[in-house]
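Asker: Sequence isn't available, so here's the structure alone:
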């Protein structure tokens, strides 16, 4: 990145860090955009250059992950079995997690703690995840040359189920993110071993 892009990224991350700390300290609903901006010594107008709302800030990682998955899926070879394309897509996310800096990891854990502490945010996260799943199903169906059908749904659901198992077996703050990544990878391998080759044809 150039100097301007680095400065913008620094401001965006500073806003995220300030917001997450405030959300965890005083509650999501009690925290205002003015407080977040003030903690970084910028104006509320500057906040809205980076995020459209508090929700947008909280779900930024989710949106980035969806973008990574859809871009990775679109880049896979046309003749590749659909489930293999999905597992490559999830492994792109796992690689991002492996490459994360300690600061990135701490940010991720703060988001997880915020979800645990704020049921309405967790419910909205689930809703956004359903929309992401729908877009993945559409992408898999397109790769298969069909309209979204039960098989396309199963391909995506099986892959995402492996991800969920790895996430939920043990909280990320009880063993660390890298251990969680290893669990997800292990679960993906288990799913791959359990399915008959060609089932997704």
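Answerer: Everything's here; your move. These numbers were taken from a predicted model, which means no experiment stands behind them. Numbers count the residues shown, from 1 in each chain.

Asker: Check the offset of the lowest-mean-pLDDT helix or strand in the chain from the chain's centre.
Answerer: Within the chain, no helix or strand scores below helix 177-194, which has a mean of 86 by mean pLDDT, DSSP states H and E. Distance, stretch centre to chain centre, for helix 177-194: 17 Å (Cα atoms, centre = their mean, to the nearest Å).

Asker: Which residues does it contact?
Answerer: 83, 87, 90-91, 94, 97-98, 100, 105, 108-109, 158-159, 161-163, 165-167, 169-170, 172 (Cβ atoms under 8 Å, 6 or more residues apart in numbering). C-beta here means a position set from N, CA and C on the backbone, and glycine is covered the same way.

Asker: out of the residues you listed, which are buried?
Answerer: Neighbour-count burial (16 or more other Cβ atoms under 10 Å) is assigned, among the contacts of helix 177-194, to 83, 87, 90-91, 94, 97, 100, 108-109, 158-159, 162, 165-166, 172.

Asker: Residue 115 and residue 124 touch, don't they?
Answerer: No - the criterion here is Cβ atoms under 8 Å, and residue 115 misses it with residue 124 at 9.6 Å.

Asker: Chain neighbours aside, what residue packs nearest to residue 35?
Answerer: Nearest residue to residue 35 in three dimensions, chain neighbours excluded: residue 22, at 6.0 Å (Cβ to Cβ, 6 or more residues apart in numbering).

Asker: What is the neighbour count of the one you found?
Answerer: 19 (other Cβ atoms under 10 Å).

Asker: ok, now residue 36?
Answerer: Using other Cβ under 10 Å, residue 36 has 25 other residues around it.

Asker: now do residue 75
Answerer: Residue 75 - counted by other Cβ under 10 Å - has 11 other residues nearby.

Asker: before we move on, what about residue 49?
Answerer: 13.

Asker: just checking, what's the longest helix in the chain?
Answerer: Secondary structure of the chain per DSSP state H: the longest helix is helix 119-144.

Asker: Need the mean per-residue confidence for that helix.
Answerer: Summarised as a single mean, pLDDT over helix 119-144 is 94.

Asker: Give me the helices and strands touching it, please.
Answerer: Here helix 119-144 touches helix 54-58, helix 60-75, helix 82-98, helix 102-117, helix 150-168, going by 3 or more Cβ pairs under 8 Å, 6 or more residues apart in numbering; DSSP states H and E.

Asker: Same list, those helices, but as TSV with distance to residue 142 please.
Answerer: Shown next, in TSV, are the helices and strands packed on helix 119-144 (distance: least, Cβ to Cβ, whole Å):
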stretch	distance to residue 142
helix 54-58	28
helix 60-75	9
helix 82-98	10
helix 102-117	31
helix 150-168	9
